[in-house]
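Q: predicted coordinates and the sequence they were generated for:
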Amino acid sequence: MRPDLEIIQQWIKPNSKVLDLGCGDGSLLHYLQATKNVHGIGLEIDAANIQHCLENGTNVIEQNLDEGLSNFRSESLDTVLLAQTLQALSKPDHLIDEMLRIGKNGIVTFPNFGNWKSRLYLASRGRMPVSKFIPHSWYNTPNIHFCTVKDFDALCAEKNIKILARTVVDLEHQGSWYMRAWPNLLGEIAIYHISKNTD
Amino acid sequence: MTDSIPTDSVGLVKPQVYKFDEPLTLRSGKVLPEYELVVETYGSLNSAKTNAVLICHALSGDHHAAGYNSEADTKPGWWDNCIGPGKAIDTNLFYVVSLNNLGGCAGSTGPASINPETSKYFGPDFPVVTVRDWVNSQLRLMDRMQIPEWAAVVGGSLGGMQVLRWAISFPERMRHAVCIAAAPKLSAQNIAFNEVARHSITSDANFREGRYLEEGTYPKQGLMLARMVGHITYLSDSAMRAKFGKSAPDFEQETSENFGRDLRSGKLSFGFNVDFQVESYLHYQGERFSENFDANTYLLMTKALDYFDPTVDFEGDLSKAFANSDCKFLLMSFSTDWRFPPERSREIVNDLLKAGREVSYLEIEADQGHDAFLLPIPRYVEALSGYLQRVHQENESDAS
């Protein structure tokens, strides 16, 4: 399993209802079903990924996240998950609202554009970063809404979203004391556990 | 005649007739005192009796879903591309049961059968049956065959509606529901097309109020016309362009071609004759169908479609109908199907989600319209196969 998923799974309660937005090949849901007896549903648009889900017994619905989640009832699920997909959405802020309408809590992971490598690339070369971390040119990238850890913190504050937990890791999904100290500069992948602020 | 039966075919199959003496009360309130169902099975039932799969047929289908009934058959059963050893519905793994529904005309009791009370053809006196009645009769068949539980109930179009009814009425007798290219109920447009089909049959002078068998006539023209109209709704515009466009089987070329306007004889007749290939094709399809299908059965099947609405007992709320449907669901639709388009399948999916059910849904890109559910579309067949392989694996792990 991808190490970011390893971190995410710790926040998911046994027997809970989980919606995985952009569930990929369904490996996280499959794991959660087997180990925590969750009731999982994944949304996905890639045909090969959907086929994997069918074959490993993961419920998967072919549905484009950009068309919204109006077919899910409010507060009908426990956790709604959005792993490494935020930056590819046409209205990421709207989807986060939807996640917290449907679920009691949400988990969001995204590549942190505030990482020093991106900053250095743009500062020194004056061009949009292309790397292992962001492997597309600006004109053909599916990632149309990059943000940084600070940007996401600001969005949560603006929307009165409670950050239950925040972790940053590198591409190998290893954390360290210095990443915790300077998350926006050193973290390559940001992982947030959020909920509506009911205070 | 087939040169030789392919190795991935279930081979020669012999239908069996099951006779039921216990009266069946129908949705209409009428009672069928006794009836027969004709059934084909493929593969074998395992000792734990956990591998049975029920196939529900669509409007013009029957029990002969796979294999050949005789060496002289030129074509296999209607879903042979999906049922057989190593195929999506793998007869090496599953015991596949396929029947002709009540009111059909392929051997089960229907309008073309003799009414034992009058010793005449039932004809128009055969009661109108609904999807619910079919499922009730299928349940009796299941009991008779001593099958405790279906591993899966599978069907497309009107067959998919039977799958939904199964999941609503008898979820405890099935583990998986596979519903393909169906709708939660018909739209006004669907009913309108059905009514044109029915009217074309009933207005044929040879229809004789449905007593054509007694009177030795047959409403061939009416049935032909009904099928021609129906056939148009099964195909998509793009499928027709490709099929009848200048030797352009490649769908990508359709727009640069002649919109499917191939001529039959190379020139226009400037008369009211059959000029275009598509006309000739529809005539052929209608003609062939009218020779093999009973007109009263056609009326009855279209009525079963029109009447299908599982929400009637649930205040119009389909999600409530699924409240106890704790089987797992797979739904699939096809992008160019305008008879039961993807939105109709999505309605079902959304109500299943609302009811908290376990559901998977695929929207298959296919140019063939509603007909796609009968065709070997690679992604569709792979998905069906992958899902059923999983059903089989669950079976195995439950047994161990």
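A: Good, I have the coordinates. Numbering: from 1, shown residues only, chains lettered A, B, ... in the order given.

Q: helices of the chain, start to end?
A: Reading this off chain A. A:3-9, A:27-36, A:47-55, A:92-102, A:116-125, A:149-158, A:177-181, A:183-186 (DSSP state H).

Q: should've been chain B
A: Listed in chain order, the helices of chain B (DSSP H) span B:131-144, B:158-169, B:188-202, B:212-215, B:220-234, B:237-244, B:277-292, B:295-307, B:318-321, B:342-354, B:378-399.

Q: tally up the residues packed near residue 59, please.
A: The chain I'm using is chain A. Number of residues near residue A:59 (other C-beta atoms under 10 Å in any protein chain shown) recorded here: 26. The way it works is simple: take the backbone N, C-alpha and C, and place the C-beta from them, glycine included.

Q: correction: the question concerned chain B.
A: By other C-beta under 10 Å, 18 other residues sit near residue B:59.

Q: just residue B:49 next, same as before
A: 14.

Q: leaving out sequence neighbours, find the closest residue to it.
A: residue B:148 (5.6 Å; C-beta to C-beta, 6 or more residues apart in numbering or on different chains).

Q: output stretch B:34-46 as CSV, nothing but the C-alphas.
A: Extracted as CSV, the C-alpha positions of stretch B:34-46 are listed here (Å, rounded to 0.1, in the frame of the first residue of the first chain):
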residue,chain,number,x,y,z
GLU,B,34,-51.3,-24.5,-13.6
TYR,B,35,-48.4,-23.7,-16.0
GLU,B,36,-45.2,-24.9,-17.5
LEU,B,37,-41.8,-23.3,-17.7
VAL,B,38,-39.2,-24.4,-20.2
VAL,B,39,-35.6,-24.2,-18.9
GLU,B,40,-32.1,-24.7,-20.1
THR,B,41,-29.1,-25.2,-17.7
TYR,B,42,-25.4,-24.9,-18.4
GLY,B,43,-22.6,-26.1,-16.2
SER,B,44,-23.2,-28.1,-13.0
LEU,B,45,-24.5,-27.3,-9.6
ASN,B,46,-21.8,-27.8,-7.0
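
Q: now it: buried residues?
A: By 16 or more other C-beta atoms under 10 Å in any protein chain shown, the buried positions in stretch B:34-46 come out as B:35, B:36, B:37, B:38, B:39, B:40, B:41, B:42, B:43, B:45, B:46.

Q: what's the answer for stretch B:280-298, then?
A: Under the neighbour-count criterion of 16+ other C-beta under 10 Å, stretch B:280-298 has B:280-282, B:285-286, B:289-290, B:293-298 buried.

Q: of all the helices of chain A, which one is nearest residue B:374?
A: For the helices of chain A, the distance to residue B:374 is smallest for helix A:47-55, at 20.6 Å, taking C-beta to C-beta.

Q: quick one: list the elements packing against the closest one.
A: strand A:39-44, strand A:60-62, strand B:359-364, helix B:378-399 (3 or more C-beta pairs under 8 Å, 6 or more residues apart in numbering or on different chains; DSSP states H and E).

Q: in a markdown table: these, plus distance to residue B:72, mean neighbour count and mean pLDDT.
A: Below are the helices and strands packed on helix A:47-55 laid out as a markdown table (distance: least, C-beta to C-beta, whole Å; neighbours: other C-beta atoms under 10 Å in any protein chain shown; pLDDT from 0 to 100):
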| stretch | distance to residue B:72 | mean neighbour count | mean pLDDT |
| --- | --- | --- | --- |
| strand A:39-44 | 47 | 24 | 97 |
| strand A:60-62 | 43 | 25 | 98 |
| strand B:359-364 | 35 | 24 | 98 |
| helix B:378-399 | 28 | 17 | 94 |
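
Q: closest one to residue A:109 among those?
A: Among the helices and strands packed on helix A:47-55, strand A:39-44 comes nearest to residue A:109, with 15.4 Å by C-beta to C-beta.

Q: and the closest one with chain B, contact?
A: Yes - with C-beta under 8 Å from any C-beta of the partner chain as the criterion, chain B is reached by strand A:39-44 at A:39, A:41.
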